[in-house]
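**Q** following is a predicted model, sequence given first.
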Amino acid sequence: MKPKKSILITGGAGFIGSHVVRLFVNKYPDYHIFNLDSLTYAGNLENLKDIENKPNYTFLKADITNEPEIHLLFKTHQFEGVIHLAAESHVDRSINDPLAFVKTNVIGTMILLNAFKNLWKDDYSNKLFYHISTDEVYGTLGETGLFTETTPYDPNSPYSASKASSDHFVRAYGETYGLPYVITNCSNNYGQNQFPEKLIPLFINNIINNKPLPVYGDGNYTRDWLYVVDHAIAIDLVFHEGKNEETYNIGGFNEWKNIDLVKLLCKQMDEKLGREKGTSEKLITYVKDRPGHDLRYAIDASKINKELGWKPSVTFEQGLSITIDWYLGNQEWLNRVTTGEYQSYYKKQYQ
């Protein structure tokens, strides 16, 4: 009997990670997928209830900053591929506690790289370390232009600086030790199961509960939005078909100013909740801007389109509608995750 390919997905109980785990478990029955997550506030095993009993799936509760534990897991399970998603990812939190981001995003990545390197040494045939990063490492754009894979790094927040550092270490391990890797830098993700500290689920929850919609500054900050299911499909493609030591930018071809996005969200929510047109827009409240707020992100995703044939499957309006429907149909999930520590964070951040 042919042994199953052993794949480690870090942060697999989180938002993006849970979609990647589900895709790989269902699509590749001959792989064994190990989901490693420390189950912080943003990790939720409820996200994976539909596949938790699959024979090719194992959950490992562990912290990527625990070096002895990580090395033991690599030795025990002989991971041939790593898809590294585990990260502290919310910019506002990085401003409040930057050292937590250095610990997880930089030191945690280093520990994984060392474990992978020490396990396979110089025998890297059919092995891969896949590091998922962000477009925020490139800094900010003016009103024109796009981020490409060769855009110089210019991070402006503790979060983006920590991700930029981890990207550099991955490349350094490739150059110094011959460790096989790919890196992807993605734009803002949205979709089902996202923890409601991020803009779209935060505002969906606030509209449901008739709470203010806190918009930073003048609301003219621009972001490119990527539907999480499309991102998972792109990750699958890069893992299997991406070229060694290459970077691929993954974007949704969906640039939106924050205020325009919020107004579209309000419009769709009013329609779905049966409220009078314009009701939710009255909840918009402009709040003090955050420090170092980047004006605009926009990704040129033509490389992954041309080389691997990937492109988004939905428009932003379609993806947003699907996302809203999921949250409206899963309000018990929403209520459970918006209690306790999250409420304390929310009050500190926006009140």
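**A** That came through, no problem.
**Q** burial of residue 243, as a residue count?
**A** Applying other Cβ atoms under 10 Å, we find 11 residues neighbouring residue 243. Any C-beta I mention is one placed from the backbone N, CA and C, and that applies to glycine too.
**Q** can you pull the contacts of it?
**A** Residues in contact with residue 243 (Cβ atoms under 8 Å, 6 or more residues apart in numbering) are 182, 307.
**Q** roughly how far does it sit from residue 211?
**A** Using Cβ to Cβ, to the nearest Å, residue 243 is found at 47 Å from residue 211.
**Q** which residues of the protein score low on pLDDT?
**A** Applying pLDDT under 70 to the chain flags residues 1-4, 340-343, 345-346, 349-351.
**Q** longest helix of it?
**A** Secondary structure of the chain read by DSSP state H shows that its longest helix is helix 158-177.
**Q** mind listing what's buried along that one?
**A** Taking 16 or more other Cβ atoms under 10 Å as the basis for neighbour counts, the residues of helix 158-177 that come out buried are 158-167, 169-171, 173-174.
**Q** which SS class is the closest residue to residue 216 other than its chain neighbours?
**A** Residue nearest to residue 216 in three dimensions, not counting chain neighbours: residue 289, with 5.1 Å by Cβ to Cβ, 6 or more residues apart in numbering. With DSSP: H, G, I helix; E, B strand; the rest coil as the basis, residue 289 sits in coil.
**Q** my guess is residue 289 meets residue 219, correct?
**A** No: applying Cβ atoms under 8 Å as the test, residue 289 and residue 219 come out as separate, 10.1 Å apart.
**Q** more neighbours, those two?
**A** residue 219 (15 against 12).
**Q** next up, identify which helix or strand the closest residue in space to the more buried one that isn't next to it in sequence is on.
**A** Computed as Cβ to Cβ, 6+ apart, the closest residue to residue 219 that is not its neighbour in sequence is residue 259, at 3.1 Å. Taking DSSP states H and E as the definition, residue 259 sits inside helix 258-273.
**Q** picking up where we left off before, just the residues contacting the longest helix of the chain, thanks.
**A** For helix 158-177, contacts defined as Cβ under 8 Å, 6+ apart pick out 87-91, 93-95, 98, 101-102, 104-106, 109-110, 113, 117, 129, 131, 133-134, 136-137, 139, 153, 155, 179-181, 183, 185, 245.
**Q** try it again at 6 Å.
**A** Taking contacts as Cβ atoms under 6 Å, 6 or more residues apart in numbering, the residues outside helix 158-177 that touch it are 91, 94, 98, 101-102, 105-106, 109-110, 113, 117, 131, 133-134, 136-137, 153, 155, 179, 181, 183, 245.
**Q** taking these one by one, which sit in strands?
**A** 131, 133-134, 181, 183 (DSSP state E).
**Q** is it possible to export these to TSV including neighbour count and distance to residue 63?
**A** Converted to TSV, those look like this (neighbours: other Cβ atoms under 10 Å; distance: Cβ to Cβ, whole Å):
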residue	neighbour count	distance to residue 63
131	25	18
133	22	20
134	22	21
181	24	22
183	24	23
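**Q** tell me the one of those nearest residue 230?
**A** When the ones in strands among the contacts of helix 158-177 are compared for distance to residue 230 (Cβ to Cβ), residue 134 wins out at 16.1 Å.
**Q** please name the spatially closest residue to that closest one (chain neighbours excluded).
**A** Using Cβ to Cβ, 6+ apart and skipping the chain neighbours, the partner closest in space to residue 134 is residue 163 (5.2 Å).
**Q** swap in residue 215?
**A** Computed as Cβ to Cβ, 6+ apart, the closest residue to residue 215 that is not its neighbour in sequence is residue 286, at 5.3 Å.
**Q** what's the one you found sitting at in phi/psi?
**A** Summarising the backbone geometry of residue 286 under the convention degrees, to the nearest 10, its torsions are phi -80, psi 130.
**Q** please tell me how far it sits from residue 95.
**A** Residue 286 sits at a distance of 19 Å from residue 95 (criterion: Cβ to Cβ).
**Q** next: residue 217.
**A** Computed with Cβ to Cβ, the distance linking residue 217 and residue 95 is 15 Å.
**Q** swap in residue 44?
**A** Taking Cβ to Cβ as the measure, residue 44 and residue 95 are separated by 24 Å.
**Q** of the two, which one has the most company?
**A** With other Cβ under 10 Å as the criterion, residue 44 and residue 95 differ in neighbour count, and residue 44 comes out ahead with 20 against 16.
**Q** which residue packs closest to the more buried one, ignoring adjacent ones?
**A** Using Cβ to Cβ, 6+ apart and skipping residues adjacent in sequence, the residue nearest residue 44 is residue 13, 5.8 Å away.
**Q** what about that neighbour, how many residues nearby?
**A** 25.
**Q** ditto for the one 5 residues further on
**A** For residue 18, the count of nearby residues is 28 (other Cβ under 10 Å).
**Q** does it count as helix, strand or coil?
**A** Taken by three-state DSSP, the conformation at residue 18 corresponds to helix.
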